[in-house]
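Peer 1: Test case, fold it:
(2 chains)
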Amino acid sequence: MAQISTQCLVIGIGNEFRNDDGLGILIAREIRRRNLESVFVLEQSGEGTALMEAWEGPDRVIIVDAIVSGKAPGEIHRLDALQEETPRGFFHYSSHSFGVAEAVAMARQIGKLPEHLILYGIEGKEFGEGVGLSDPVVRSIPELIAMIEDDLHAQRTPQGASQENQPRQSN
Amino acid sequence: MNSRVIRVDQLARVEGEGSLVVKINEGKVTDVKFRIYEPPRFFEAFLRGRKFTEAPDITARICGICPVAYQMSSVMAMEDVIGMNLEGPLRELRRLLYCGEWIESHVLHIYMLHAPDFLGYQDALMLAKDMPDVVTRALKMKKIGNDIVNVVGGREIHPINVKVGGFYRLPRKDELLPLVERLKWGLDQAIETARLVASFNFPDFEVPYEFVSLRHETEYPMMGGRIVTSSGLDISIRDYEFYFEERHVPHSNALHALERGHGRYLVGPLARFNLNYDRLSPLTRQLAEDVKLAPVVKNPFRSIIVRAIETAYAYEEALRIIASYEVPEAPAVAVVPSAGIGCGASEAPRGMLYHRYRIADDGLIRDAKIVPPTAQNQPTIEEDVRLFVTKFVDMPREELTWKCEQTVRNYDPCISCATHFVTLEFT
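Peer 2: Presented below is the predicted three-dimensional model:
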């Protein structure tokens, strides 16, 4: 067995009592249930400084959150935070003004971004009070999990880093 | 142009979302509406039919910023139902957990949300650009609070270790001791923070508030005690609903809390400080003196100084509790369910949080009432904005809009537990 050289962290963000906002939490639980080696899982509310603390240790971080950007519900956005700016307001429904986008920007500012940071934003539909996801969001789950597993697989292979486009922090 | 409408679509840096509308006509404020939506109503319904032991875990999920407060108020209400008054080391441990939450929440508000206002920055990102060391220090200070919540509470965002009767698992001494040196550092930083924020420029603005907070026999209030007011009320937590009421107002999904026969009131750091100054530690009282802050503080903008002093208090209190910590014999006292009504109140970072539950013979929750601090402060926030705009109506519009946002931010309104969308409009 190849020794896993890096630690991966999956952070699911959301509030399970706000319908589609619960997606990140559900995905986190789903990944945790798979019990993958060297993969740690956290459920978070989306408060930015807590995110910055969480990604201080691991080399590779994947964040999953429901978003509203005007696209079709269920659409999956994948963003490499080291290569692209995170649109502010993109992760609006993490319901905090110092949220994901601000945390990424601030971490970039003070040099505290992890080496790899992938953001998954899934377009939500219902953000009222209630438990349960809307149909389009539910339908996106298998593809989303598969994409995250691909990322994790690439990251958990010691050579994985070279297979990926190797993002480096430039500023 | 005698009548104007100012609209700001995002009440920035308020946890969650909400909206504020101010209408000004002929130089007079004609209307102020601070709208918030209130998930606690949803949770009150959601709790019905659940086991009484489930309430602390469920209510902890109402808010990502103050889960400990929700957990503590609900667990104390449940213990009240069964006639249990938890004292001694288990209570001390809960207080330690609460210190962790005060540290996290206060440091977040002071540095990330409130200080940028006074230093003239649009937000904490701009602050980080110019003063990365200040921001790095703040993050380090806050992390100590998170680590307390992790060690004692079991999980960072929604602590799951507290239960009716005590805890599921007790921390070992060697889990707490590594915090000591960092807490000492944190205490020094909090003292520095108080000095820093006390040097800010504050608007000349005072309000004759009715302050309401808990008051404990010996401690600066966090959990339990009695409810006191600046007009002299001194009642048991169980009597809260006799003296305070909630009213529906058409413009907000949240209920407005009012003191019967008195009207609006203020909960939070200012109220705690003014009503419990004599319960601060000698060190934090001295700190207040050093930064020239003495009761009665009536300028809401100065709440940032009180938060810094309370942060110092929380570090110091955490040190005291850890120093005398011996692992209790059992993590919890055995709980025998019984039917009845129970009330609990604790001091969330933003102010008093009241819970009441009715439990049936089968141990299931029949009904629940949750009164969060932001709902209590809502009428007072509106009045502050009305008074502020009235006093400074000639200020340039952009600056006035900004100051109105600040006026709301003074309350650190935890809108994620009290609202859905924030739109700040001025008319």
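
Peer 1: Please count neighbours and contacts with C-alpha atoms only from this point.
Peer 2: Fine.

Peer 1: what are the phi and psi angles of the residue most central in space within chain A?
Peer 2: Geometric centre of chain A, nearest residue: residue A:63, 1.2 Å, by C-alpha atoms, centre = their mean. Residue A:63 adopts backbone torsions of phi -110, psi 140, taken as degrees, to the nearest 10.

Peer 1: what does residue A:110 give?
Peer 2: According to degrees, to the nearest 10, residue A:110 has phi -100, psi 20.

Peer 1: again, but for residue A:80
Peer 2: Dihedral angles of residue A:80 (phi, psi; degrees, to the nearest 10) stand at phi -90, psi 110.

Peer 1: Who are the contact partners of it?
Peer 2: Contact analysis of residue A:80 by C-alpha atoms under 8 Å, 6 or more residues apart in numbering or on different chains lists A:116, A:117, A:118, A:119.

Peer 1: Count the neighbours of residue A:85 for me.
Peer 2: Residue A:85 has 12 neighbours, counted by other C-alpha atoms under 10 Å in any protein chain shown.

Peer 1: And it, which helix or strand is it part of?
Peer 2: Using DSSP states H and E, residue A:85 falls within no helix or strand.

Peer 1: How much space separates it from residue B:48?
Peer 2: For residue A:85, the distance to residue B:48 equals 45 Å [C-alpha to C-alpha, to the nearest Å].

Peer 1: Just the mean pLDDT for the top helix by length along chain A, thanks.
Peer 2: When chain A is parsed with DSSP state H, its longest helix is helix A:135-156. Throughout helix A:135-156, pLDDT has a mean value of 91.

Peer 1: and if you look at stretch B:354-372?
Peer 2: According to the model, stretch B:354-372 has a mean pLDDT of 95.

Peer 1: Check the offset of it from the chain's centre.
Peer 2: 22 Å (C-alpha atoms, centre = their mean, to the nearest Å).

Peer 1: distance between the ends of it?
Peer 2: Stretch B:354-372: ends 7 Å apart by C-alpha to C-alpha.

Peer 1: tell me which parts of the stretch 101-250 of chain B are close to chain A?
Peer 2: B:108, B:112, B:125, B:128, B:129, B:132, B:136, B:139, B:143, B:157 (C-alpha under 8 Å from any C-alpha of the partner chain).

Peer 1: Would you agree the fourth one falls within a helix?
Peer 2: Yes - Residue B:128 forms part of a helix when assessed by DSSP: H, G, I helix; E, B strand; the rest coil.

Peer 1: tell me the pLDDT at residue 59?
Peer 2: Assuming you mean chain A. For residue A:59, pLDDT reads 88.

Peer 1: You answered for a different chain; I wanted chain B.
Peer 2: 89.

Peer 1: For chain A, which segments count as strands?
Peer 2: Ranges of strands within chain A are A:8-13, A:39-44, A:60-67, A:76-80, A:116-123, based on DSSP state E.

Peer 1: Residue B:131 - how many residues pack around it?
Peer 2: Residue B:131: 13 neighbours (other C-alpha under 10 Å).

Peer 1: again with residue A:86
Peer 2: Neighbourhood size, residue A:86 [other C-alpha under 10 Å]: 19.

Peer 1: Residue B:346 too?
Peer 2: 27.

Peer 1: I'd like to know how far it sits from residue B:216.
Peer 2: Taking C-alpha to C-alpha, one finds residue B:346 at 11 Å from residue B:216.
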